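1. Okay, here's the prediction I keep looking at, along with the sequence it came from:
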Amino acid sequence: MEDLSPESIDEIKANTRASLSGCGYCRETDQSGKGDQAVREKTLRIIVSFHTTTDALAVEAYCSEHEIPGRLIPLPAIISAGCGMCWSAPAEARQSVTEAVKNAGVSDAGIYQMLL
């Protein structure tokens, strides 16, 4: 394997920045010349934790079938409960998510609101 010159490394970085700049997820945020950073803006989310993985999967199936927004994610470390999975949905969907949990026939371990 041959050593890369500093110029070659700079060229690779520039090409990588150019290819990532159009993806919509990555954007250049650092004007100091330290490089690009992937940035995702945090938004207020409803987090529903569950006692069991079966409960989490039941809510996922119910929400998918009834087009209720959200998805299963790993339980944030700040919350300690049950199975380690939770349903994350936009804050404005709180009522529909809580009704979905009830209608899916499961009991939640907790419902939280947090920035994710």
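-> Perfect, thanks for sending it.
2. so what are the domain limits for this protein?
-> Per automatic domain parsing, the domain ranges recorded for the chain read 6-38, 44-115.
3. Lowest mean pLDDT across those, which one is that?
-> Per-stretch mean pLDDT for those is lowest at domain 6-38 (a mean of 55).
4. How many residues are close by residue 116?
-> 12 (other C-beta atoms under 10 Å). Placement of C-beta: from N, CA and C, glycine included.
5. Just confirm it contacts residue 74, I think it does.
-> No. Counting by C-beta atoms under 8 Å, residue 116 stays clear of residue 74, with 10.9 Å between them.
6. quick one, helices of the protein?
-> 6-20, 53-65, 94-103 (DSSP state H).
7. could I get the second one in CSV with only the CA atoms?
-> Spelled out, it's helix 53-65. Output of helix 53-65 as CSV, limited to C-alpha atoms (Å, rounded to 0.1, in the frame of the first residue of the first chain):
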residue,chain,number,x,y,z
THR,A,53,-40.7,-6.9,23.0
THR,A,54,-44.0,-8.6,22.1
ASP,A,55,-45.9,-5.4,23.2
ALA,A,56,-43.6,-3.2,21.2
LEU,A,57,-44.1,-5.3,18.1
ALA,A,58,-47.9,-5.3,18.6
VAL,A,59,-48.0,-1.5,18.7
GLU,A,60,-45.7,-1.3,15.6
ALA,A,61,-48.1,-3.6,13.7
TYR,A,62,-51.1,-1.7,14.8
CYS,A,63,-49.6,1.7,13.9
SER,A,64,-48.4,0.5,10.6
GLU,A,65,-51.9,-1.0,9.7
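8. Thanks a lot, see you next time.
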